[in-house]
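Participant: sequence first, then the predicted structure:
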Amino acid sequence: MLSFILHRLFLTFFLLFVISLISFFIVTLTPGSPYPWGEMNPKISPELKEAFRKKFHLDRPLPVQYYLMLHDLFTGKLRSMKDELPVLRKILDRLPASLRLNITAMLFSLSCGTLLGIYGARHAGHWHDLLSSFLAFLLIALPGFWISYLVVIGLVKHVGIPILGTQSYGIDFPNEFSRWLDQTWHLILPALILSLGALAIQSRYLRASIIETLREHYILTAHAKGLSSSAIFYKHALRNSLRPLITGIGMLLPSLISGTVIIESIFAYPGMGQLGYQAVLERDYPMLVALNFIVAALVLIGNFISDLLYAVVDPRVRLE
Amino acid sequence: MMNYVRSLLYGIPLFLVLLFVVSLLNTASLTVKKENEMSLGINAEPVTLNPIQQSDASSALVTGFLFNGLLKENENLELVGSLASEWSLNQITTFYFLNSLGAERAKVILEKEKIAHPEWGIDTSLTKHATQLKLTLHEPGYRHSESISQSLPKESLLPVQTVRLQRDPKNSNPSIFELLLTTISEPYFKEHLQRTRRSDDCEEWVFASSFSLQNFLEKNASHFPLKITHQETHLFTAEPVINFTLRHDVCWHDGVPFTSADVAFTCHAIMDDRVASPLRSYFELVSKIETPDPWHLTVHYRHPFSPALNSWTIPIIPAHLLENKDPSLWGSSFNRHPVGTGPFCFEAWKSNEYVRLKKNNHYFLGAPWLESIAFRILPDPLTLRLAFETHQIDFWDAAPWAIKGCSEDRRFEIFATPGNSYTYVGWNSRRPLFADIRVRQALAHAVNIPEMIQYLLYGNGVPSTGIFTPRMWCYNDSIKPFSYNPKKAAALLDQAGWKIGHDGIRSRAGKRLSFTLLTSNGSSIGPDIALLLQDKFRKNGIEMKIETYEWTVYLKKLQEHDFDAVVAAWTLPDDCDQYDLWNSNQYFAGGYNYTGYNNPHVDQLLQEIRNEYRRPEVICLAKELQQTIYQDQPYLFLFVPKHTSVLWKGSYRLCYPTDHGFVDRPLEPCKAGWNYNMEWFYRKDYPPIK
């Protein structure tokens, strides 16, 4: 176990280094310059551009820039090219909100997806299964942003309930609990819409996996021994069909982080997705490198957790 | 165990649904408290609230309420005083002579001529310093100084040369500039030399001498790989001076009085490399700022440059809060928590959600009527519209397709005025196809611009008649746009020798009239314009291919002049100085005259506009400039989109102070825009108490 963890840690660091190298070169070699004043602005003199380049080491060779950027990143001095604020501070400002959104979405999609999948698998072949499949494909097909727009228009215009932002604006809350509930409301609806696509996909994976497990011989034996069908299902079949679900968890984290850009901007919910999107448009190299690093780290951690969960769920898997 | 699993499986979604319902009911029960607050929607978070470091629209909107400049524009876009109660312009003209005797003789001559020529506006004192003679003139500019120089004896007068030296980048010897100076060490050369470093490879020298630097460099090109990229010679140096008298009753939001030291600090900060201010080019010509006392300020410029006057509308920042702080520390302190002199004070900034300002009770023109202003940050255009329709924000900038629906709704009021940008097709005039003016004019007659405005902007635009937009004070409204006249276009092309070939496309001497138009997929309207143009041109026997590139690649091609034609747009500032766009010496890689326009008369007009301080004369010159360039058609000037704002009818009125008391009126468009004096808006249910 210990050797497994050490091995994975070493691999993670190595991967992070390679990822940061690749992302740095892609970002800096893309055409377009990071000046915050726009390319075609006659009022910007060449001296100003030169001062900017000197300040952010853009006149040094690329490998030197890479080293300087990593050095600044790890000493916490890395500054965004857009407004010279420390990059880590900007990211950490947005990270809690983003994590809350993603974790809520993940909880919802996992639990509801599992339920939907079980519902379909238990009544495989009957109309319940058709209904579950139909629901799943509907949720996959409907674009998240379209649903968001409908929800926002319906709520804000016709029902008159605020939804934009992390908190309702301009309200004196009677007590702290009311404020917390209001923040939860602003969090839960975008999280729900975010989870819809992943929910459907999870349910399909699980349903397929359960149906396959139910065909195993030991299930037939259990029936022969006289166990109740629900006991067979929950005690034996379900546990053995969780593998695709866990793979899904590993892949869920990165897709949730990237999928939030549109939903964040529609709900005006400040998260890391928007930060990254703006940084790409503005060619804010330090921010992009730092964001890539953090997101890569989160993804690798997610993979690591899902590998551990394999061991928990499936006793045949030995971590070494 | 399985019961545990089952309960978890059903429990989590149930819990989430319960939370959903409870929080929904809670939010639905909350009521928004009615306040005397104006809400504006912005689609991006402000980058910084430091006005000398900002360059995005959101930041500019917020700092407009927090800070003041020395001057501001009134309803008719004329300059009036804001933090400055008065200002006056004059000029110090200096003549340089070979020797002290020449200067003495000139002084005697001028004392006599001064009385005969009162229009020169020479102030009483004529001071002589060694070999220099200094005059103070009432009017800045070159013309009077030139007439004065005519009356002086030519032999003793030294020409003042301004040269810009560019070092050959392949030669890496930096000591070359020092070497040059010591080789030509004439005493008066050293005395009158002003030397400005512009970048690592470029320096600008001003010296009074009859020595020809150009000849010297040409003869010694192998030793000194320098070339002169710009040269100007006058018989004098003319240094305009602006004298400001500041108001005595202005305080910063933290109570400290505003003085001339703040203005001097702002200027020095703008020129500081560490601050990296985009306003730097406005102050590069300032040679000296004097603050004789806390309420007087004198600014000296190196040579006449009339757009400099407009630059004094820039906001002033407090010296007492920033002068002892390293600029790299401003980002996390002052820039997020600004202190200004404006009608509103900074209150709060919740990152990516809102910025709130509260009223400044000690504002020098009186406290505003609104209690606070909130800027809601809503990145999505649809949610902006929704927020407007549900009264969460008070104004909305409508996109063209939404305007018809809004105009039919009687609850809304719409203000649509031509904006300050125009869209055009730029022809690469260095390519033989577009060198003939008849071809360019034919292309202009071949397109139906009103139709384009109808289809692409839903009618919300006006045809462009040149380099200025209708909103500007120098706009020439007597120019008629080129009419849509395919027959005339055909006639012009036939005249130029382009006859229609067998495939329907014109050709001349075996070459077909075919070119490629560049557009960018980053622009929503560029590709559409290209398609409409392609159709109209084909009907006239012109083949136009379209190439669409990503935004940054498109810009790169523009700057490297690698195009036949390009669809683009300019957004213009309020002044009429367009030297950088149209002067023939701005055709280098990265220069803004990227189509290669070359007209010596236009070059002269552009320079005269820069030299002329009197507004009526500038308007005449600008009108002539617009007419000339429009006839020359270096661009196919397409249209000026209208800027449309929607608001709830009657929700706000304007009551602002003037010299004759308060003016209380409903909102209406004026030259400066419907939102002129926005800080003096008041809500219907909170009328002003005067």
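Facilitator: Structure's in. What do you need?
Participant: and the residue in the stretch 1-150 of chain A that chain B sits nearest to, how far from residue A:280?
Facilitator: Residue nearest to chain B within the stretch 1-150 of chain A: residue A:32 (3.5 Å; Cβ to the nearest Cβ). C-betas here are computed from N, CA, C, even on glycine. Counting by Cβ to Cβ, to the nearest Å, the gap between residue A:32 and residue A:280 amounts to 10 Å.
Participant: per-residue pLDDT, the residue in the stretch 51-200 of chain A positioned nearest to chain B?
Facilitator: Taking Cβ to the nearest Cβ as the measure, the point where the stretch 51-200 of chain A comes nearest chain B is residue A:185, at 3.6 Å. On the pLDDT scale, residue A:185 is placed at 92.
Participant: which SSE is the closest residue to residue B:317 other than its chain neighbours in?
Facilitator: Nearest-residue entry for residue B:317: residue B:266, 5.2 Å, with adjacent residues in sequence omitted and distances by Cβ to Cβ, 6 or more residues apart in numbering or on different chains. Under the assignment given by DSSP states H and E, the secondary-structure element containing residue B:266 is helix B:260-271.
Participant: how about that helix as CSV, C-alpha atoms only?
Facilitator: Taking C-alpha atoms only, helix B:260-271 is exported to CSV below (Å, rounded to 0.1, in the frame of the first residue of the first chain):
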residue,chain,number,x,y,z
SER,B,260,-1.5,70.9,-7.5
ALA,B,261,0.9,68.3,-6.0
ASP,B,262,-1.7,65.7,-6.9
VAL,B,263,-1.7,66.7,-10.5
ALA,B,264,2.1,66.8,-10.7
PHE,B,265,2.2,63.3,-9.1
THR,B,266,-0.4,62.0,-11.6
CYS,B,267,1.7,63.1,-14.5
HIS,B,268,4.9,61.7,-13.2
ALA,B,269,3.2,58.4,-12.4
ILE,B,270,1.8,58.2,-15.9
MET,B,271,5.3,58.6,-17.3
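Participant: got a list of contacts for the next helix or strand after that helix?
Facilitator: As assigned by DSSP H and E, the chain's next helix or strand after helix B:260-271 is strand B:286-293. The contact list for strand B:286-293, computed with Cβ atoms under 8 Å, 6 or more residues apart in numbering or on different chains, reads B:239, B:259-261, B:263-264, B:267-268, B:271, B:297-302, B:308.
Participant: mind doing that once more with 7 Å?
Facilitator: Contacting residues not belonging to strand B:286-293 are listed as B:239, B:260-261, B:264, B:267, B:297-302 [Cβ atoms under 7 Å, 6 or more residues apart in numbering or on different chains].
Participant: what are the pairing partners of that strand, and which direction each?
Facilitator: Strands that pair with strand B:286-293, judged by DSSP bridges, come out as strand B:296-301 (antiparallel).
Participant: what about the residue nearest to residue B:317, distance to chain A?
Facilitator: Taking Cβ to the nearest Cβ, to the nearest Å as the measure, residue B:266 and chain A are separated by 17 Å.
Participant: so which residues of the stretch 251-400 of chain B form strands?
Facilitator: With DSSP state E, counting those that start in this stretch as the criterion, the stretch 251-400 of chain B has strands at B:286-293, B:296-301, B:344-350, B:354-359, B:372-377, B:395-397.
Participant: would TSV of those strands with mean neighbour count and mean pLDDT be doable?
Facilitator: Written out in TSV, the entries for the strands of the stretch 251-400 of chain B read as follows (neighbours: other Cβ atoms under 10 Å in any protein chain shown; pLDDT from 0 to 100):
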stretch	mean neighbour count	mean pLDDT
strand B:286-293	14	92
strand B:296-301	20	93
strand B:344-350	18	93
strand B:354-359	22	94
strand B:372-377	22	93
strand B:395-397	19	91
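Participant: flag the shaky bits of the chain, pLDDT-wise.
Facilitator: Picked chain A for this. A:253, A:255-259, A:319-320 (pLDDT under 70).
Participant: um, chain B though
Facilitator: The model of chain B has pLDDT under 70 over residues B:1-2, B:168-193, B:198-201, B:223-224, B:690.
Participant: ok, so of the contacts of strand B:286-293, who is nearest residue B:394?
Facilitator: Relative to residue B:394, the closest of these is residue B:267; by Cβ to Cβ it sits at 36.0 Å.
Participant: what's the distance between the closest one and residue B:70?
Facilitator: When distance is defined by Cβ to Cβ, residue B:267 is 11 Å away from residue B:70.
Participant: between the two, who's got more neighbours?
Facilitator: Comparing residue B:267 with residue B:70 by other Cβ atoms under 10 Å in any protein chain shown, the one with more neighbours is residue B:70, at 26 against 22.
Participant: how close does that one sit to chain A?
Facilitator: Counting by Cβ to the nearest Cβ, the gap from residue B:70 to chain A is 19 Å.
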